[in-house]
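J.: model this:
(chains A, B and C)
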Amino acid sequence: MAEESVTFTLPDLGEGLVEATVLEWQVGVGDTVGRNDPLVEVETTKSAVVIPSPKAGRIAELHAREEEVVPVGAPLVTFVVTVSDDAPQAGIVGKVPAEERPTRRVRLKPPAD
Amino acid sequence: MTELIDRTGTETQEAPVVELSMQQAVNRALRVLLAEDPDVLVFGEDVGTLGGVFRVTDGLQKEFGDRRVFDTPLAESAIMGMAVGLAMNGWRPVPELQFDGFAYPAIDQIVNQVARMNYRTRGAAPMPITLRLPSFGGIQAPEHHGESLEAIFAHTPGLKVVAPSDPGDAYTLLLQAVRSDDPVVYMEPKARYWERRPVQLREPDEPIGTSRIVRPGRHATLVAWGAMVHRCVQAAELAAEDGVELEVLDLRWLKPIDAEGLAASVARTRRAVVVHEAPLTAGLGAEVSALVTENCFRDLAAPVQRVTGFDVPYPAGPLEPQYLPTIDRILLAVQRTLEF
Amino acid sequence: MSENPADGVAIRCADLIPSSPADAVPVLLLHGFGTSFDMNWRAAGWTRALEAEGLRVLGPDLRGHGDSDKPADSGFYLPEHFVGDLTAALDRLGVERVDAVGYSMGSRLAWELALTHPERVRRVALCGFGPADAFEGVDLSDPGSGDTPFDSVFRNVAGLPGNDPAALAACARGQASRPFRAHPPLTCPVLVAAGSEDEVAAGAQELAALCGGTFVEVPGRGHANAVSSRILRQAVVEFLTS
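T.: The predicted structure follows:
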């Protein structure tokens, strides 16, 4: 098992919004959070939303203070996540094929020549 | 291509052997290319910040900056259109389309612009573009993520097409493709991305369009490319237990096809079985079969056999093992040539 | 979608059943003016918080909003029309009784529902809401043109995707034609909560006192951003589960 740090940036909140104000962190450095747990409350000119955590992991760093205005795409939080060494790399669509010993049913007869 | 030969001439020492997966080998090649030529640009969906869905471009943006390695919108047609414009302005674009099935939205740019611009401008606007296209099946992915488009590209005049089968070739062939001034579709077999192998990081020293004998044999030639090379080697290992020695020829380049190398192998073994993932009808197996027949008619002991996917849309993940050529289907085809 | 038998207006109502349901009455969440169930409640973290308590959530898009029908005539937006939509939705879902939680205009409708159908409402939480007339000083022939707090809300929401400014203006006129009255007060348990900076909710504390209920102030928050506050969510969850 290995640890990997992953930084989550402020996602595109839609409606052409380019920034948001951090209202209140729902987590602190060192907290362990589950995927989809409330992460941070932000406010845009259109609405106030609670952004759920995209990862399960430990909070390593919060990149914005409360009341700070953060542009879309700027770092918001860094997680430390545990990855199993033999796990397929993140992001793949589908399954990493297992290397199995090849088997067969067909038997061949060598040609006479 | 003289530049390439000069470079090869300076390679006097044997390249070191390292253990790499194909993902890592392609990544190494991209590093070499970005470092040696400031005109090389790597771009596509998620290739920058994320490092690619298959981690192939991992770390490149960090190392070379976001002006050389960058993310694009989810718009394949725009990715290839941008490559055309960049190439016309002297850049050497290496775009990635994330999955084979998503090359279809870009077909207009690839076929009508990338492939023809050099002809249309009488050589004033060459297209030194290498399209990296994670291809073929084998990872039980959803629809549009397991297609085999090589016949479409090989049928398009102006394009070169190559499909490596192992990490070492992936490294060398990508160097060759990107340094070529012609557009190349570089098809990476997704199913072979992860297996690590000892790799010699070799500079290209053979002309474009050269095949490779992966395993020598004397009773029949298995012709394959991409992930099917590995399966053919497995079939050959099992056949050897029965005393049948199968030669495995990795075609590597699907346009131009190495007709000479193909004929030389089949002239020795007198039998040929071509194996591909794409559907049977009008697949490249037909082209290989025609080339063998044209060049080796008198040597052949049996008609060329084709072992392919079926003439159906690429199936859902759980049916993939039934769709892709199996070792048994390959061996049955071999037996048909042996008994003819 | 459920249809109001009186005028045929159809509304969408989300029905979220938790994976481990508690033995409790469902929670009816009524969003504010110009938003929707998803925007007001789901995005602000309420559905997850209530799901964690095992509470079933009923989330209508009020008429004129979200995915519900949006008539452009103010005659369709009287309080009794909204209440008719809600009882029709509850009937269709087979729900006898709810805890009603409102935000802003949704609080006013929660009040109306509890007042006119006391047998169907166990408790009421009124958030971002006060007894003052929200439409005071608003030019109702052209909402959004002035500088009252409501005008600013209207300007903010009129351009949101999916909103129909004509329907919203009609909704404002319909609501304004029946100003809110705090008498008679509600007799069921009531919680009133608002941001300390919320001008729209002026008088919220007095409203709580009038109903013999509790008042919770969310420090530092205004009308637009109190809804996502953890303090507000926790206060309401405690009120519903105590």
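
J.: from here on, contacts and neighbour counts on C-alpha atoms
T.: Noted.

J.: Quick one: residues contacting B:Arg116.
T.: Each residue near B:Arg116 by Cα atoms under 8 Å, 6 or more residues apart in numbering or on different chains is listed here: B:Pro157, B:Gly158.

J.: Then the one 5 residues further on?
T.: Going by Cα under 8 Å, 6+ apart, B:Thr121 touches no other residue.

J.: What pairs with the helix or strand hosting A:Thr21, parallel or antiparallel?
T.: Per DSSP states H and E, A:Thr21 falls inside strand A:19-25. Using DSSP bridges, the strands paired with strand A:19-25 are strand A:38-43 (antiparallel), strand A:69-71 (antiparallel).

J.: winner for burial among these?
T.: Mean neighbour count (mean count of other Cα atoms under 10 Å in any protein chain shown) peaks for strand A:38-43 among these, with a mean of 23.

J.: moving C-terminal of that strand, what's the next helix or strand?
T.: Remark: after strand A:38-43, the chain's next helix or strand is strand A:48-52, criterion DSSP H and E.

J.: which intervals of the stretch 101-250 of chain B have sub-threshold pLDDT?
T.: With pLDDT under 70 as the threshold, the stretch 101-250 of chain B has no low-confidence stretch at all.

J.: so which of the strands paired with strand A:19-25 comes closest to C:Ala235?
T.: C:Ala235 lies closest to strand A:38-43 among the strands paired with strand A:19-25, at 16.5 Å (Cα to Cα).

J.: Enumerate the residues of chain A near chain C.
T.: A:15, A:24, A:26, A:38, A:41, A:43, A:45-52 (Cα under 8 Å from any Cα of the partner chain).

J.: ok, 10 Å please
T.: For chain A, the contact set with chain C under Cα under 10 Å from any Cα of the partner chain comprises A:14-15, A:23-26, A:36-52.

J.: Are any of these buried, and if so which?
T.: Among those, those buried by neighbour count (16 or more other Cα atoms under 10 Å in any protein chain shown) are A:23-26, A:37-44, A:46-52.

J.: show me what contacts residue 33?
T.: Because you didn't say which chain, this covers chain A. By Cα atoms under 10 Å, 6 or more residues apart in numbering or on different chains, the contact list for A:Val33 reads A:Val27, A:Leu39, A:Ser53, A:Pro54, A:Lys55, A:Ala56, A:Gly57, A:Arg58, A:Ile59, A:Phe79.

J.: nope, chain C
T.: C:Phe33 neighbours (Cα under 10 Å, 6+ apart): C:40, C:62, C:64-65, C:103-106, C:150, C:153-154, C:157, C:168, C:171-172.

J.: Out of those residues, give me the one that has the most neighbours.
T.: In terms of neighbours by other Cα atoms under 10 Å in any protein chain shown, these top out with C:Leu62 at 30 neighbours.

J.: Doesn't it belong to a helix?
T.: No. With DSSP: H, G, I helix; E, B strand; the rest coil as the criterion, C:Leu62 is located in coil rather than a helix.

J.: Could I get the full set of strands for chain C?
T.: If DSSP state E is used as the criterion, the strands of chain C fall at C:2-3, C:10-11, C:13-16, C:27-30, C:57-60, C:98-103, C:121-127, C:190-195, C:214-218.

J.: packing partners for the longest one?
T.: The criterion is 3 or more Cα pairs under 10 Å, 6 or more residues apart in numbering or on different chains; DSSP states H and E, and the helices and strands that strand C:121-127 contacts are strand C:27-30, strand C:98-103, helix C:105-116, strand C:190-195, helix C:204-210, strand C:214-218, helix C:230-241.

J.: So which of those is nearest chain B?
T.: With distances scored as Cα to the nearest Cα, the stretch of the helices and strands packed on strand C:121-127 nearest to chain B is helix C:230-241 (32.1 Å).

J.: re the thing from before, among the helices and strands packed on strand C:121-127, which is the most enclosed?
T.: Buried most deeply of those, by mean count of other Cα under 10 Å, is strand C:190-195, with a mean of 28.

J.: how about B:Arg67, phi and psi?
T.: Torsion angles at B:Arg67 (phi, psi; degrees, to the nearest 10) stand at phi -90, psi -20.

J.: A:Pro11 against A:Pro71, yeah?
T.: Yes. The pair A:Pro11 / A:Pro71 is scored as a contact, 9.3 Å apart, by Cα atoms under 10 Å.

J.: what residues are shared contacts of those two?
T.: The contact lists of A:Pro11 and A:Pro71 share A:Val18, A:Glu19, A:Ala20, where a contact means Cα under 10 Å, 6+ apart.

J.: between those, which has the most around it?
T.: A:Ala20 leads these on contacts (other Cα under 10 Å) with 25 neighbours.

J.: Helices of chain B, start to end?
T.: Counting by DSSP state H, chain B has helices at residues B:2-10, B:22-36, B:60-64, B:76-88, B:107, B:117-120, B:150-154, B:167-179, B:227-241, B:259-269, B:284-296, B:320-323, B:327-339.

J.: Deepest-packed of the ones you listed, please.
T.: For the helices of chain B, average neighbour numbers computed from mean count of other Cα under 10 Å are highest in helix B:167-179, which has a mean of 24.

J.: anything in that one sitting right up against chain A?
T.: No. Using Cα under 10 Å from any Cα, helix B:167-179 never reaches chain A; the gap is at least 15.7 Å.

J.: any residues touching stretch B:328-340, and which ones?
T.: A:103-113, B:219-222, B:231-232, B:235-236, B:238-239, B:244, B:246, B:270-275, B:300-308, B:326-327.

J.: In PyMOL, select just the buried ones from those.
T.: Selection command for PyMOL covering only the buried members of these, criterion 16+ other Cα under 10 Å:
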select buried, (chain A and resi 108+110) or (chain B and resi 219+220+221+222+231+232+235+236+238+239+244+246+270+271+272+273+274+275+300+301+302+303+304+305+306+307+308+326+327)
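
J.: give me the residue from chain C nearest chain B.
T.: C:Pro161 (22.0 Å).

J.: How about stretch C:158-171 and chain A, any contact?
T.: Yes. Using Cα under 10 Å from any Cα, stretch C:158-171 reaches chain A at C:Gly159, C:Leu160, C:Pro161.

J.: Count residues in the vicinity of the first one, would you?
T.: Going back to what we said before, that points to C:Gly159. There are 14 residues near C:Gly159, going by other Cα under 10 Å.

J.: Same question for B:Asp39.
T.: 16.

J.: Now it: closest residue in space that isn't a chain neighbour?
T.: Using Cα to Cα, 6 or more residues apart in numbering or on different chains and skipping residues adjacent in sequence, the residue nearest B:Asp39 is B:Trp91, 4.7 Å away.

J.: Quick check, central residue of chain C?
T.: Among the residues of chain C, the one closest to the centroid is C:Gly106, at 1.4 Å (Cα atoms, centre = their mean).

J.: wait, C:Val27 sits on C:Arg123?
T.: Yes. Using Cα under 10 Å, C:Val27 is in contact with C:Arg123, at 9.5 Å.

J.: Give the residues shared as contacts by these two.
T.: Residues touching both C:Val27 and C:Arg123 (Cα under 10 Å, 6+ apart): C:Arg97, C:Val98, C:Asp99, C:Ala100, C:Val101, C:Leu240.

J.: export those residues to TSV and tack on distance to C:Ile17 and pLDDT?
T.: As requested, these are arranged in TSV below (distance: Cα to Cα, whole Å; pLDDT from 0 to 100):
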residue	distance to C:Ile17	pLDDT
C:Arg97	15	97
C:Val98	14	97
C:Asp99	15	97
C:Ala100	16	98
C:Val101	17	98
C:Leu240	17	96
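
J.: Done for today, thanks.
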